[in-house]
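Peer 1: Using only what follows, build the 3D model:
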Amino acid sequence: MIENAMITLPWGGEISFFVFLVIMGSLVAAVWTEYRCSLNRAGAGRGILFIALTAVLSLGLGRAIYCAVRYVDIFYDPMGDFIGLAPFLDLSIGGFSVIGVILGVLLAAALTGLICRGKALALLDAAAVPGMALFAGIRFIEPMIGLGHGDFISYEPLCRFPFAIDNGMGEYLLSVCFFEAALGALIMLILLFASFRCRKEGTLCGIALALLCVTQILPESLQRVDVLYLFIFARVSQIGYAVILFGTLLAFLIRGMRRGLSGKTVAVELLLLLLGIGVCGGAEFALDKTNLSNWLVYGGMLVALIGMGVLVLRRIIIEDRFDA
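Peer 2: This next block holds a predicted model:
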């Protein structure tokens, strides 16, 4: 991986190479999103407002969730004394929650739709492909800041890129970031193809959210770095992905109900998704609290995730193809 060197700014000060790459990638994603807004008729003015709100809300919510979970580390000194809220703005302390960033994008689209009277779903569709490309890129460079790795690997054939990361001490760690980035890039390609076939606004965004959630829950379990935990064994990112996936299915079921979808079908699909989420939660508990084989536990989680993905994507495609 590229070393995370410091870059001197022309106007003074320094930023890390990682931050520089993230900023450059974000600018490319913003321009790409604006271009796609003009293609799908979301509107140039709406696109600019959406991008501006996204920058503020995604960073704000991403930081807020991180600080809320790690409030002791962020807002208290080693002696246990409260030091104020100023560390919230000190980005050298801690980081961001990816779930907060995603929620910020969704909220930005909703606010833009309210302000500009519509097209919120079209804005999300426009941001789906650039957003996924940015996600994949950031995941790929995470080792620059010491993130994105799993357990030690001792099997020599796997002790090389892209399967492992050298920790600088002759030891190799599972390259979780590469798998997450590869899955993100694959989703981006799927979205590029799907964008030519989706009939209704919101479908492309729904596919993006569904695929992102079901493909990232398991890799997050493999992370062995500075992650955010709730309920001791469950990560904030995993819980967040599950909530977003549930919300995505619910949104498309509501769309179906408006055309006469039965309440029984709605209840069955929601219960099936909750069952899958329960299996994933149980798997995390088993990994932490039991002696069951990790291969067995991860296999069960993978089956549940595939089932959840098929369930949600099936509903999204049905609602996209149904002509009211």
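Peer 1: what residues are up against the residue nearest to the spatial centre of the chain?
Peer 2: For the chain, the residue nearest the mean C-alpha position is V98 (5.2 Å; C-alpha atoms, centre = their mean). Residues in contact with V98 (C-beta atoms under 8 Å, 6 or more residues apart in numbering) are G62, F135, S237, G240. Every C-beta, even on glycine, is put in place using the N, C-alpha and C of the backbone.
Peer 1: can we see that at 10 Å?
Peer 2: Neighbouring residues of V98 by C-beta atoms under 10 Å, 6 or more residues apart in numbering: 58, 62, 65-66, 135, 138-139, 212, 216, 220, 228, 236-237, 240-241.
Peer 1: Domains in this structure, by residue range?
Peer 2: 6-230, 231-324 (automatic domain parsing).
Peer 1: Looks like R160 contacts D166 (just checking).
Peer 2: Yes - the pair R160 / D166 is scored as a contact, 8.9 Å apart, by C-beta atoms under 10 Å.
Peer 1: between the two, what contacts are shared?
Peer 2: In contact with both R160 and D166: Y172, S175, using C-beta under 10 Å, 6+ apart.
Peer 1: Just after the helix or strand harbouring L271, pick out the following helix or strand.
Peer 2: Using DSSP states H and E, L271 falls within helix 263-289. Counting by DSSP H and E, the next helix or strand C-terminal to helix 263-289 is helix 294-321.
Peer 1: Flag every buried residue along that next one.
Peer 2: 297-298, 300-301, 304-305, 307-309, 311-313, 315-317, 319-320 (16 or more other C-beta atoms under 10 Å).
Peer 1: same question, stretch 190-210
Peer 2: Counting neighbours by 16+ other C-beta under 10 Å, stretch 190-210 gives 191, 194-195, 198, 200-210 as buried.
Peer 1: measure that stretch end to end?
Peer 2: Using C-alpha to C-alpha, to the nearest Å, the end-to-end distance of stretch 190-210 comes to 12 Å.
Peer 1: helices and strands of this structure: which one bottoms out on pLDDT?
Peer 2: strand 229-230 (a mean of 46; mean pLDDT, DSSP states H and E).
Peer 1: Is the residue lying farthest from the centre of the chain in a helix, a strand, or coil?
Peer 2: Here the chain reaches farthest from its C-alpha mean at M79, the gap being 34.7 Å by C-alpha atoms, centre = their mean. Counting by DSSP: H, G, I helix; E, B strand; the rest coil, the backbone at M79 sits in coil.
Peer 1: Show the pLDDT at it.
Peer 2: Looking at M79, its pLDDT is 79.
Peer 1: Same question for L114.
Peer 2: For L114, the pLDDT comes out at 90.
Peer 1: Just the buried residues of stretch 190-210: which are in helices?
Peer 2: Judged by DSSP state H, those include L191, A194, T203, L204, C205, G206, I207, A208, L209, A210 as members of helices.
Peer 1: just the helices in the protein please.
Peer 2: Here the chain has its helices, by DSSP H, at 17-39, 44-69, 71-75, 98-116, 120-140, 176-194, 203-222, 236-257, 263-289, 294-321.
Peer 1: Just send the ones you listed back as CSV, with distance to F152 too.
Peer 2: What follows is those, written out as CSV (distance: least, C-beta to C-beta, whole Å):
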stretch, distance to F152
helix 17-39, 24
helix 44-69, 26
helix 71-75, 25
helix 98-116, 25
helix 120-140, 21
helix 176-194, 13
helix 203-222, 12
helix 236-257, 22
helix 263-289, 17
helix 294-321, 14
